[in-house]
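Undergrad: here is my input, please return the structure:
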Amino acid sequence: MRILVVEDEPLLADAVAEWLRGDAHAVDVVHDGGAALERIDVNEYDVVVLDRDLPVVHGDDVCRAVVAGESPVRVLMLTASAEIDDRVAGLSLGADDYLPKPFAFPELAARVVALGRRSRPAAPPVLQRAGIRLDLHRREVYRNGRYVPLSRKEFAVLAELLRAEGAAVSAEQLLEKAWDEHADPFTHAVRMTILKLRRKLGDPPIVFTDPGVGYRVP
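TA: Okay, the predicted model is just below:
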């Protein structure tokens with residue numbers, strides 16, 4: 001998934017981002033509400049992890065803007081307050097979930113995944129096509145019963161190709177879902193990842209290129 005972490009404490013923001021990247025998500029990080037609104041305006045996110053008490057633009061106002069924009073992005077609001085009234089207030093703004101600080105990283109990651117399922121058409125926990133079996137929960141891939149060890153990026157790219165159910169996925173779409181905002185669209189990152197993925201999946205080739213369109217698993 002593509003995730004935006006909005007947190008004004010840099011160490012916490014980086015820790016959350018690294019934890020989520022460990023699950024093969026593409027994660028962008030900003031430290032104030034104004035920057036969050038700019039990112040949301042130009043990028044397609046599945047989930048926004050949003051601290052409530054933000055500088056420049058308050059988290060409440062960021063949440064209101066997301067809801068008013070009728071975007072499919074889901075909002076997980078974070079706050080230092082665990083009071084029931086604060087939780088109710090956050091949810092009444094349109095947040096999809098609410099997590100008080102301090103929190104456990106595994107719980108945050110699980111909540112993000114649950115929200116991500118609601119931001120896009122539901123996908124089964126195991127994707128299967130053309131002899132490939134990809135387990136989203138265990139982060140394991142098999143081809144015709146043979147275990148295939150993949151890097152986080154290779155796993156994320158293959159998951160997007162399988163979700164497309166035989167349709168071609170463009171390099172731009174793969175960059176959007178599997179890389180963060182620091183990825184240079186003019187590099188060969190996608191092409192190189194596809195080459196490594198093909199090599200690891202073995203013969204006969206299973207990831208095809210449609211020139212000028214993208215990549216697909218038929």
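Undergrad: would you map the helices across the chain?
TA: Under the criterion DSSP state H, the chain contains helices at 10-21, 33-42, 59-68, 84-92, 105-119, 152-163, 171-178, 189-201.
Undergrad: and the ones you listed: which comes nearest Gly212?
TA: In terms of Cβ to Cβ, the element of those nearest to Gly212 is helix 171-178, at 10.6 Å. All C-beta spots, glycine's among them, are computed from the backbone N, C-alpha and C.
Undergrad: may I have that closest one exported as CSV, CA atoms only?
TA: In CSV, the C-alpha atoms belonging to helix 171-178 read as follows (Å, rounded to 0.1, in the frame of the first residue of the first chain):
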residue,chain,number,x,y,z
ALA,A,171,5.4,1.4,-14.5
GLU,A,172,3.8,4.6,-13.2
GLN,A,173,1.2,2.6,-11.2
LEU,A,174,3.8,0.3,-9.8
LEU,A,175,5.9,3.4,-8.7
GLU,A,176,2.8,4.8,-7.1
LYS,A,177,2.0,1.7,-5.0
ALA,A,178,5.4,0.1,-4.3
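Undergrad: what's near enough to touch Val148?
TA: 141-142, 200-202 (Cβ atoms under 8 Å, 6 or more residues apart in numbering).
Undergrad: in this protein, what spans have low per-residue confidence?
TA: 81-87, 90, 119-124, 180-187 (pLDDT under 70).
Undergrad: what about Val157, neighbour count?
TA: 27 (other Cβ atoms under 10 Å).
Undergrad: sorry, wrong one. I was asking about Gly202.
TA: Neighbour tally, Gly202, other Cβ under 10 Å: 12.
Undergrad: quick check: the gap between it and Pro125.
TA: From Gly202 over to Pro125 the distance is 24 Å, taken as Cβ to Cβ, to the nearest Å.
Undergrad: what's the answer for Lys177, then?
TA: In terms of Cβ to Cβ, Lys177 sits 18 Å off from Pro125.
Undergrad: perfect, I'm done here.
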